[in-house]
Every structure is written in structure tokens, then in C-alpha cells.
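**Student:** Curious how this folds, go ahead:
(one chain, ligands or ions: 1)
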Amino acid sequence: MTDIAKRFVENPILHPKDLLPSSAGLEIECLLNPGVFTFEGKIWLLIRVAERPAQQENVISFPVLKKGGIEILAIAESDPDLNATDPRVINYKGADYLTTLSHLRLVCSDDGIHFYQPDAYPLLQGEGEDETFGIEDCRVAQINGTYYLTFTAVSEHGVGVGMRSTKDWKTFEYHGMIIPPHNKDCALFEEQINGKFYALHRPSSVALGGNYIWLAESPDGIHWGNHKCIIKTRAGFWDSARVGAGAAPIKTAAGWLEIYHGANEKHQYCLGAFLLDLNNPAKVLARTDQPIMVPTTDYELHGFFGEVVFTNGHLVSGDELTIYYGAADEFVCGAKFSIAEILETLKYV
Ligand code: MAN
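**Tutor:** Residues are numbered from 1 along each chain as shown. Prediction:
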């Protein structure tokens, strides 16, 4: 047993029924993959809320964002041009769509376990033609008093990394798409190294290459270059099909510790860790052979898309790492780790 997570006994801490839909005619199907930060003395989650209309028999219907608002598309299940074998995505007449439309929702808490939606904070919706299928899985990095939000922006143009920034969570600066398709899982380092900003990100290639984690650098945290592939999938391992960064790397005396997700060919999502050199984050020092968290509980095995633990947000307090994670693509959960224990499980390369 390599799972060293201490799951909250209160899990799941948030279910789809705990929040209200963003508009009439939609239902919340899943709550998942929150960004995490502290602000004004509270713990905050920026949750991905995935919605669609109530499903009628023999028809698949899903929302997309148009200039005038939300439009519902509906396709008969018997239509020969429809491929709906994956609950998350469908292909119709050669084009891909998402079965749900995601926005980002703020909730806050005093104890990190019981969260509520405060008044007076806006929902973050997709905006513009690169976000018509929604925004997802937001990482929140705090750098010099500003919160940087890096999220997956989805549209018929593809899946890329969008960025917004804020100081007060009420007004936002828009930085557009900072890394074009196909790319997601972008996590910023929360401090500069030798005067440069750094980010982890995950391009995908269908033809050559794969779903690997890359490192990029930037003079301003917004414009990125000098990309380097640093973590690849491993045949025969738990992370054989795809890997992607979690939240901001954690600074330790041994190096930058990153929690990441890996999936195998059966789409089982587990968590592992790797360690990067403090002065040269392109240098991988160590990585876990075995996952540090495996979907095992009922709420991780069964849901909208089962056998998933996926994190893109955490809090660090001394040796204690608290991750918030999406379980089975449907519930928000929490778990604690000892950072020293994770460091002990790493295998140096
Ligand atoms: C994958 C999954 C989905 C997600 C899409 C677009 O299919 O991660 O949950 O909606 O990619 O990002």
C-alpha cells in the first residue's frame, strides 16, 4: 500500500447539491478540482462547477456559451453521427463537444472543512470565443500580493491555458490565452528564481510526443518561452498515459516539491510527486515510483467519472500539506500529507 493520504473524515466536503445552479434550466452535475488560496483570514476554494440541462430520455443535451448567453444543443442518442462513449466528451459529425459547461465558483471557510458561498463575489464564467465550452481546473498562485489564475479554456478552437489576475477577487485583469492548444494543467511557481517567473504546463500531441509536463520561463509571469519537457509518462507504471502538474510547487530545503496527477490507459487517476532543483527547476532530482494517493474510497471510485483523484490546489503549514481534490469528477474532498513523508518516498534519479 503506497497511499499515504490522510483523507478528511468529513469527505466529500462538497456535493453537487450543495450549490445552486448558475442559471435557470441548468443542473449542477459535478463539483471538482478546486484552486485553493487564503484571503482575508479565510480559506477559499475556486471550484469547477460543471452544469448541463436535466437529461431527457434518448437525447443528449449540453450547454455552450454564445455572445447572447447560454445556448442548449440537443442530439438524439440514436443519431449515427454521434459518439457518446465518454461521459465527459462527445463527438458529433466529426466535431468534439463537452457534455457539461464549467464555470468557477468561490466558496470560503474558517476551518478548511465547512465551506459556504459568500455574497458579493462574482462567478467566473468563460468569456470570448476561446472559452465557449467553459473554464476549468483553475490553479491559483499568489505572487507579490497578486493572485494569478491559470485555468483550462475550452472551445471549438481547442483546449488551452487562460489567465486572469486579481487582488480583491471582485475585479479581474484579463490576460487572454497564455499558452495555446492543446495545453492544460498550468501551475505557476509562487516566487521568481534568478529573476525569472516559472510555470509547469502540459501540452499534448496526438502524433509524436505525448502528454508530458513541461517547464516554461517568463520575464513578467504572462509571456512564456524557453519551454523544456521535464516529466514524461512511464510505460507499465500508474502514470503511463498522461501526467499533469497539480498546484504551485512547494519550496522545501531539498528542492521544489510538485504533486502531480498521472493516469494509466484505463483512465485511473492517481497522485504522485517529483522534486526539482531549487536554483534550476529544469533539473529533475527525484520522483515517486509508486503513487502517493490512489482512488480507493467509494466517493473516489464511483461518480461522474470513477477512479479519479485529481488535485490542483493545496495549503502548506510547516510539514503539513492539505490538498483539496476532485473525487470521481463529482465531489470536492480534502486530505492531509506529511511533506517529510512524501520526500522520503521519492526515488532520486
Ligand atoms: C478531458 C477531461 C474533461 C475536460 C476536458 C476538457 O476530457 O479532463 O473533464 O472537460 O478534457 O478540458
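**Student:** of all the residues in the stretch 151-300 of the chain, which ones are close to the ligand?
**Tutor:** Thr152, Val154, Val159, Lys184 (CB under 6 Å from any ligand atom). (Glycine included, C-beta is placed from N, CA and C.)
**Student:** what about the stretch 1-150 of the chain, any weak spots by pLDDT?
**Tutor:** Along the stretch 1-150 of the chain, the model assigns pLDDT under 70 to residues 1.
**Student:** Nearest to the ligand: which residue in it?
**Tutor:** The minimum distance from the stretch 1-150 of the chain to the ligand, using CB to the nearest ligand atom, falls at Arg88 (4.2 Å).
**Student:** likewise the stretch 201-349 of the chain?
**Tutor:** Counting by CB to the nearest ligand atom, the stretch 201-349 of the chain gets nearest the ligand through Asp329, at 6.3 Å.
**Student:** Could you double-check that Gln142 sits in contact with Glu191?
**Tutor:** No - using CB atoms under 8 Å, Gln142 makes no contact with Glu191, being 10.0 Å away.
**Student:** Longest helix in this protein, please.
**Tutor:** The single longest helix within the chain, with elements called by DSSP state H, is helix 339-345.
**Student:** got the contact list for Ala327?
**Tutor:** Residues near Ala327 by CB atoms under 8 Å, 6 or more residues apart in numbering: Asn11, Pro12, Pro295, Thr297, Tyr299, Glu300, Gly303, Val308, Val309, Cys333.
**Student:** ok, the closest residue to the fourth one other than its chain neighbours - contacts?
**Tutor:** For Thr297, the nearest residue in space outside its immediate sequence neighbours is Arg7; the separation is 6.7 Å by CB to CB, 6 or more residues apart in numbering. For Arg7, the contacting residues are Thr297, Cys333, Gly334, Ala335, taking CB under 8 Å, 6+ apart as the criterion.
**Student:** who does Arg7 bridge with?
**Tutor:** For Arg7, the beta-bridge partners under DSSP bridges are Ala335.
**Student:** Give me the nearest residue to His175, chain neighbours excluded.
**Tutor:** Leaving aside its sequence neighbours, His175 sits nearest to Met163 (CB to CB, 6+ apart; 4.0 Å).
**Student:** for the one you found, helix, strand, or coil?
**Tutor:** Here Met163 is strand, with the state taken from DSSP: H, G, I helix; E, B strand; the rest coil.
**Student:** Could you give the number of residues near it?
**Tutor:** As a burial measure, Met163 scores 22 neighbours (other CB atoms under 10 Å).
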